[in-house]
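Chemist: using only what follows, build the 3D model:
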Amino acid sequence: MKRSLKFPLIFANTGKQNSVDALWLEYSYAVNTFLNHLFEKKELSESYIKLFGSKLSYRYKQCAKRQAVNIFKVWNKSKNKGEKPILKSSMTLDRRFIKLQKSKNSFNYWLNIASLNKRKRIYIPIKSYKYANKYFKKWNLIKGAKLIKRDNYWQIIFVFDKETPVLKKLGKEIGIDVGIKKLLVDSNNKRYGLNIEPLLNKILRKQQGSKAFKRALLERDYYINKTLKELPFKKCKTIVLENIKNIKQNTKKEKRLNKKFRKKIQRWTYAKILSRAQQLAEVAGVQYCLVNPAYTSQTCPKCKFVHKLNRKGEIFVCRNCGYKSDSDYVGSTNILKSYLAQQVMVAGSMKGSKCL
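Modeler: Here you go, the predicted model:
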């Protein structure tokens, strides 16, 4: 399994920042020129790379070629190609160009980058942080990295890997319903993240694109991550969630939903929740499964009667048998039941579930 972590290069002095900027100008020009050549000729010969006029070394030009080819392949395989891609703000460099060395001063590491000057490398200090320290200690750092420019300063992304734990054979199986009022409710009726809605409201009050808006997004993401860690991964062998796609786009079509709610759900991030839940499950050796979300919020867990009016906001009341409960708890119960029902089916005929 792999994880990527970002580190801001905010401790570089002006001279070092200018050196990285100069490298970026040459590198991005090379990548985008190679991309244009690929669109026209469908190939990049070694002779073309060698003859290409640039301050970049031949090795750097090879690296730029590799990144251009990867961008072209992704675009070429896409069904909805749209406009031709260009490299905007990142350099993917291998071990020949980027090295990380431990520091003996107040900084934790020194980043060593090959510059346009073959005899001079760029040394930039890096400070680690608590979350990253465990990766440096217990995970393997993959050599090479990606440099990205954000808000007028550079960041570096390192990738760490570690052997994936064996999936547990013993433990509980729980269904999890994700919501806006309560971030998570499991099939044991335990609730997590009861303060998610105020955070979403806080984002709505900020001007989009402002520093306060970005801080609010970070606060939301931190809260989601913190809440997901509260799930009982140590006691579970399987967690099950709904496989919801395009939820934000679908809300635009729902005329019955008021404008304020539609705006709020735009600041909700179901994909991020699923991704982080999968990562935490993988580290814990817990099987992560997704099921078809059809009717999980409308089905009575007692009599199995399905009706869209069974659910009224946070309350579920069955119109057939009168069963009453919290709607999110009902959802998580049905999510688990859907998964369990599929487990007794013949493996070749199972539909609607996806387990990783």
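
Chemist: tally up the residues packed near the nearest residue to residue 136 once chain neighbours are set aside, please.
Modeler: Spatially, and ignoring its direct neighbours in sequence, residue 136 is nearest to residue 128 (6.6 Å; C-beta to C-beta, 6 or more residues apart in numbering). Where C-beta positions appear, they are placed from N, C-alpha and C, glycine not excepted. By other C-beta atoms under 10 Å, 15 other residues sit near residue 128.

Chemist: just say helix, strand or coil for residue 128.
Modeler: Secondary structure for residue 128, judged by DSSP: H, G, I helix; E, B strand; the rest coil, is coil.

Chemist: surely it is in contact with residue 111?
Modeler: No: the criterion here is C-beta atoms under 8 Å, and residue 128 misses it with residue 111 at 11.8 Å.

Chemist: now the common contact residues for the two.
Modeler: Here residue 128 and residue 111 share no contacting residue, scored by C-beta atoms under 8 Å, 6 or more residues apart in numbering.

Chemist: just to revisit the earlier point, what distance do you get for the residue nearest to residue 136 to residue 280?
Modeler: For residue 128, the distance to residue 280 (C-beta to C-beta, to the nearest Å) stands at 21 Å.

Chemist: and if you look at residue 123?
Modeler: As it turns out, when the distance is counted by C-beta to C-beta, residue 123 lies 36 Å from residue 280.

Chemist: pick out whichever of these two has more residues nearby.
Modeler: Between residue 123 and residue 280, residue 280 has the larger neighbour count (other C-beta under 10 Å), namely 17 against 14.

Chemist: show me the strands in the stretch 51-200 of the chain, by range?
Modeler: In chain order, the stretch 51-200 of the chain shows strands spanning 90-93, 98-102, 109-114, 121-126, 140-141, 145-150, 153-161, 172-178, 184-186, 191-192, with DSSP state E, counting those that start in this stretch as the criterion.

Chemist: residue 272: which of those is closest?
Modeler: Evaluated over the strands of the stretch 51-200 of the chain, closeness to residue 272 peaks at strand 172-178, with 10.7 Å, by C-beta to C-beta.

Chemist: tell me which other helices or strands that closest one touches.
Modeler: The elements that strand 172-178 packs onto, with contact taken as 3 or more C-beta pairs under 8 Å, 6 or more residues apart in numbering; DSSP states H and E, are strand 184-186, strand 236-242, helix 270-284, helix 327-343.

Chemist: quick one: low-confidence ranges for the stretch 101-250 of the chain?
Modeler: Judged against pLDDT under 70, the low-scoring parts of the stretch 101-250 of the chain cover residues 245-250.

Chemist: pLDDT score assigned to residue 317?
Modeler: Looking at residue 317, its pLDDT stands at 96.

Chemist: if it is in a bridge, with which residues?
Modeler: Here residue 317 shows beta-bridge partners residue 324, assigned using DSSP bridges.

Chemist: please apply the same query to residue 6.
Modeler: Assigned bridge partners for residue 6, using DSSP bridges, are residue 157.

Chemist: measure how buried it is and give me the count.
Modeler: Based on other C-beta under 10 Å, the number of other residues close to residue 6 is 12.

Chemist: OK, contacts around it?
Modeler: Listed by C-beta under 8 Å, 6+ apart, the contact set of residue 6 reads 148, 155, 156, 157.

Chemist: then residue 59?
Modeler: When the contact criterion is C-beta under 8 Å, 6+ apart, the partners of residue 59 are 96, 97.

Chemist: how much space between it and residue 271?
Modeler: Distance from residue 59 to residue 271, counting by C-beta to C-beta: 37 Å.

Chemist: cool, residue 16 as well?
Modeler: Taking C-beta to C-beta as the criterion, residue 16 is separated from residue 271 by 36 Å.

Chemist: ok, those two, which is more surrounded?
Modeler: A side-by-side neighbour count of residue 16 and residue 271, using other C-beta under 10 Å, places residue 16 first with 19 against 13.

Chemist: name the element that one belongs to?
Modeler: Taking DSSP states H and E as the criterion, the element that holds residue 16 is helix 14-41.

Chemist: return the list of helices and strands in contact with that helix.
Modeler: Of the remaining helices and strands, those touching helix 14-41 by 3+ C-beta pairs under 8 Å, 6+ apart are helix 58-77, strand 90-93, strand 121-126, strand 145-150, strand 153-161.

Chemist: residue 310: which of the ones you listed is closest?
Modeler: Nearest to residue 310, of all these, is helix 58-77, at 43.2 Å by C-beta to C-beta.

Chemist: and that closest one with helix 14-41, angle?
Modeler: Our comparison of helix 58-77 with helix 14-41, counting by axes from the mean of the first three to the mean of the last three C-alpha atoms, to 10 degrees, yields an angle of 50 degrees.
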